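Chemist: Next come a sequence and a model predicted from it.
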Amino acid sequence: MAPSKTSQPTQSNAVLSLWKAYNENTSTRLKSVDAFLVFLMLSGIAQFLYCILVTNYPFNAFLAGFASCVGQFVLTASLRAQVNPQNRSEFKEVSPERAFADFALGSIVLHFFVYNFLG
Amino acid sequence: MRSFLACLLPLLAIGNVYASALTLQSPRFTISASDATQLRSEPLSTTKKPSALTLGAKDVLKVTFQVVEEEGKGVQPHQTFLRFYDEVSGEEGIQPVRVTAGGKAKFELNMAKPPASLPPTTASDPLKVELIIGSFVHSPLKMDLFDLFLPASQPAPQHPDEPSFHVRSEIHHTFQPDPKLPPKFISAVFAALVLAPWVVLLGLWGFISPSVPHLLSPSILPFIATLGAFEGLLFWYWVDLKLGQVLLYGAILSIPTLIAGNQALSTMGKWRAGRK
């Protein structure tokens, strides 16, 4: 297992340097958005585990909860992509304010459907 | 009325003249087996019926006669039928008989290929066979020929829709058992698991501590407040409201939200442009 010996430290080095670069180069706004994304992912995973392992009995509730996590994740990810200053060249005509307005509108529509499903 | 009777009387007189009776000459029946051996052959009498005839499953019955007027001249009547009548069940079958111009008639009943008009038969009761002759110019003739035992017919095939004409057995619905909630303990564990990400989120936010310096500024706060009001409205929808109500209130609430959002975001844009 010679390669693993050499690759193990380089891998952890790579992860460490990635983490370091993320911590140093990312604005606090984007970090808080990332924290929200992590939160959505974790709670979606928890609900999905419950559905698989225990029961899907109030199936509409599961659908609503899981769909709200997935939908909110998608909306937030697109918000993050659009407000990231490094992506400015990609979204020239989309200002961060416009992106936030889209995010707010999309979230309200999503929540309307989710509450509809919740029963 | 008088003129009508005056018309009718000569007609009646003509009818009386022509209503001469028909008779049968040398009526005879023959029963033969399928290999043409003769089993029974007797002349038929107009007054006395012979003993009942019995046909096997493949036997052939032949009836021959000549229709004649009283003077002995052969006549072709307009209608000649044999009627097979079951007195017990009341079923009957009419079979036309072909009569030649000279009045001769030959009827054949082959039990290997029975005609469809035969009534259903049982082994116990015979069919009464009658000859019916109708003519425009003679008085009608109806005579009993003989009693006939036929092999019992097969039971009628059941129509595919037959069961739908009877009372059916009562339908008992079976329902799935009610789904059960898992035990309290498992529910509590998973509730904690689902709530755990909130701790992660708050912890991460606390660690990052994003600054929101303008949150309470008069241009931003109304937008945040109306967004919160929207979420509150949707929560209220879940708890109590009907769809029509929530659409109405949402439409009303959307107007101040649009105004506030427009103002807040344009202010933000100005700040951003100024900072650059």
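Modeler: Yes, it's here. Residues are numbered from 1 along each chain as shown, chains lettered A, B, ... in the order given.
Chemist: Run through the residues that contact the closest residue to chain A within the stretch 1-150 of chain B.
Modeler: For the stretch 1-150 of chain B and chain A, the shortest gap (CB to the nearest CB) falls at B:P120, measuring 60.4 Å. The C-beta positions use only the backbone N, C-alpha and C, and glycine is treated the same way. Going by CB atoms under 8 Å, 6 or more residues apart in numbering or on different chains, B:P120 touches B:D86, B:S89, B:E91, B:S153, B:A156.
Chemist: what about the chain, any weak spots by pLDDT?
Modeler: I'll assume chain A. Filtered on pLDDT under 70, chain A yields the residue ranges A:1-8.
Chemist: should've been chain B
Modeler: In chain B the weaker segments, taking pLDDT under 70 as the threshold, are B:1-19, B:276.
Chemist: And the strand or helix carrying B:I259, how far out from the chain middle?
Modeler: Secondary structure from DSSP states H and E places B:I259 in helix B:243-275. Mean-position distance between helix B:243-275 and its chain equals 64 Å (CA atoms, centre = their mean, to the nearest Å).
Chemist: which ones are touching B:Q263?
Modeler: For B:Q263, counting by CB under 8 Å, 6+ apart, the contacting residues are B:S219, B:P222, B:F223.
Chemist: the inter-axis angle of the helix or strand encompassing the second one versus helix B:243-275?
Modeler: The reference is to B:P222. Assigned by DSSP H and E, B:P222 belongs to helix B:221-239. Here helix B:221-239 runs at an angle of 160 degrees relative to helix B:243-275 (axes from the mean of the first three to the mean of the last three CA atoms, to 10 degrees).
Chemist: Would you indicate which residues of helix B:221-239 are buried?
Modeler: In terms of neighbour count (16 or more other CB atoms under 10 Å in any protein chain shown), helix B:221-239 has its buried residues at B:P222, B:F223, B:I224, B:T226, B:L227, B:F230, B:L233, B:L234, B:Y237, B:W238.
Chemist: filter these down to the ones close to chain A.
Modeler: B:L227, B:F230, B:L234, B:Y237, B:W238 (CB under 8 Å from any CB of the partner chain).
Chemist: Using JSON lines, lay out the contacts of B:P120 together with neighbour count, distance to B:F107 and secondary structure.
Modeler: JSON lines is the format used below for the contacts of B:P120 (neighbours: other CB atoms under 10 Å in any protein chain shown; distance: CB to CB, whole Å; DSSP: H, G, I helix; E, B strand; the rest coil):
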{"residue": "B:D86", "neighbour count": "19", "distance to B:F107": "19", "secondary structure": "strand"}
{"residue": "B:S89", "neighbour count": "13", "distance to B:F107": "23", "secondary structure": "coil"}
{"residue": "B:E91", "neighbour count": "14", "distance to B:F107": "20", "secondary structure": "coil"}
{"residue": "B:S153", "neighbour count": "13", "distance to B:F107": "20", "secondary structure": "coil"}
{"residue": "B:A156", "neighbour count": "7", "distance to B:F107": "26", "secondary structure": "coil"}
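Chemist: and B:V137, how many neighbours?
Modeler: Using other CB atoms under 10 Å in any protein chain shown, the number of residues around B:V137 comes to 15.
Chemist: Sorry, wrong one. I was asking about A:Y115.
Modeler: Other residues close to A:Y115 by other CB under 10 Å number 21.
Chemist: if I pick it, what's in contact with it?
Modeler: For A:Y115, the contact set (CB under 8 Å, 6+ apart) comprises A:A64, B:L234, B:F235, B:Y237, B:W238.
Chemist: Show me how far the helix or strand harbouring it is from its chain's centre.
Modeler: For A:Y115, the element it lies in under DSSP H and E is helix A:96-118. A distance of 15 Å separates the centroid of the chain from that of helix A:96-118, by CA atoms, centre = their mean.
Chemist: what's the angle between it and helix B:243-275?
Modeler: Helix A:96-118 and helix B:243-275 are oriented at 160 degrees to each other (the same axes, to 10 degrees).
Chemist: In helix A:96-118, which residues are buried?
Modeler: Buried, per 16+ other CB under 10 Å, within helix A:96-118: A:96-97, A:99-101, A:103-108, A:110-112, A:114-115, A:117-118.
Chemist: so how far is chain A from the most centrally placed residue in chain B?
Modeler: By CA atoms, centre = their mean, chain B has its centre lying nearest to B:D161, at 6.1 Å. Going from B:D161 to chain A by CB to the nearest CB, to the nearest Å gives 42 Å.
Chemist: Could you tell me which residues make contact with that residue?
Modeler: Contacts of B:D161 by CB under 8 Å, 6+ apart: none found.
Chemist: picking that back up, which of the contacts of B:Q263 sits closest to chain A?
Modeler: Looking across the contacts of B:Q263 and measuring by CB to the nearest CB, the closest to chain A is B:F223, at 8.4 Å.
Chemist: Contact partners for the closest one?
Modeler: B:T257, B:A260, B:G261, B:Q263, B:A264, B:L265.
Chemist: Please, which helix or strand holds the spatially most central residue of chain A?
Modeler: In chain A, the centroid-proximal residue (CA atoms, centre = their mean) is A:L37; its distance is 3.0 Å. Using DSSP H and E, A:L37 sits in helix A:28-53.
Chemist: Check which helices and strands the following helix or strand past that helix sits against.
Modeler: Later in the chain than helix A:28-53, the nearest helix or strand by DSSP H and E is helix A:59-83. Applying 3 or more CB pairs under 8 Å, 6 or more residues apart in numbering or on different chains; DSSP states H and E, we find helix A:59-83 packed against helix A:28-53, helix A:96-118.
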